[in-house]
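**Student:** Build the 3D model from these lines:
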Amino acid sequence: MTEEDWTRWAGTVAARLWRKSHRTDQGCIVWDGAKTKARSNATPYGYLRLKVPGGGERKTMRVHVLAYLVESICVRELLLAQDRDFDISHRCHNSLCINFSHLSAEERYVNNSRKTCHNSGQCQGHQAYADCIFV
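**Tutor:** Next up, the predicted model:
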């Protein structure tokens, strides 16, 4: 897989993401496409089913992970790994937001700690990671 192939793939995916999204006054870019079914107290996430370069079969991926991937190709191997040990967090606490500046690649415990911030309405701080965004 060449860099040119990845760049072309990222451009195609980005176009699909932006076509099915809208920008809010608060700066979120909200996914309007397919979403996971909302169960009691479960947060819905947007998803796309697509072929990933280097893999033969179609894969279902969360759109915020794809948004991070197309903006930050340098982390592609990490994001596409089956056993990755980090998450892409929504700093704005909107699970349907795909605005790259509202997303953060961070360890899972940091992602989970953002729930405390969301519940309290105030960022509690996240060490070396970016603070929450309250919009």
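
**Student:** how about the helices of the chain, start to end?
**Tutor:** Secondary structure of the chain, counting by DSSP state H: helices at 3-19, 63-71, 76-80, 108-120.

**Student:** Need those in a markdown table (columns: mean neighbour count).
**Tutor:** Placement of C-beta: from N, CA and C, glycine included. Formatted as a markdown table, the entries for those read as follows, by neighbours: other C-beta atoms under 10 Å:
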| stretch | mean neighbour count |
| --- | --- |
| helix 3-19 | 14 |
| helix 63-71 | 22 |
| helix 76-80 | 15 |
| helix 108-120 | 14 |
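
**Student:** Compare the mean pLDDT across these and name the weakest.
**Tutor:** Of all the helices of the chain, the minimum mean pLDDT falls on helix 76-80 (a mean of 63).

**Student:** returning to what we had before: closest to His102 out of the helices of the chain?
**Tutor:** Distances from His102 to each of these were compared using C-beta to C-beta; the minimum, 8.8 Å, belongs to helix 63-71.

**Student:** name the helices or strands packed onto that closest one?
**Tutor:** Other elements packing on helix 63-71 under the criterion 3 or more C-beta pairs under 8 Å, 6 or more residues apart in numbering; DSSP states H and E are helix 3-19, strand 29-31, strand 47-51, helix 76-80, strand 86-90, strand 103-107.

**Student:** between it and helix 3-19, how many degrees?
**Tutor:** 140 degrees (axes from the mean of the first three to the mean of the last three C-alpha atoms, to 10 degrees).
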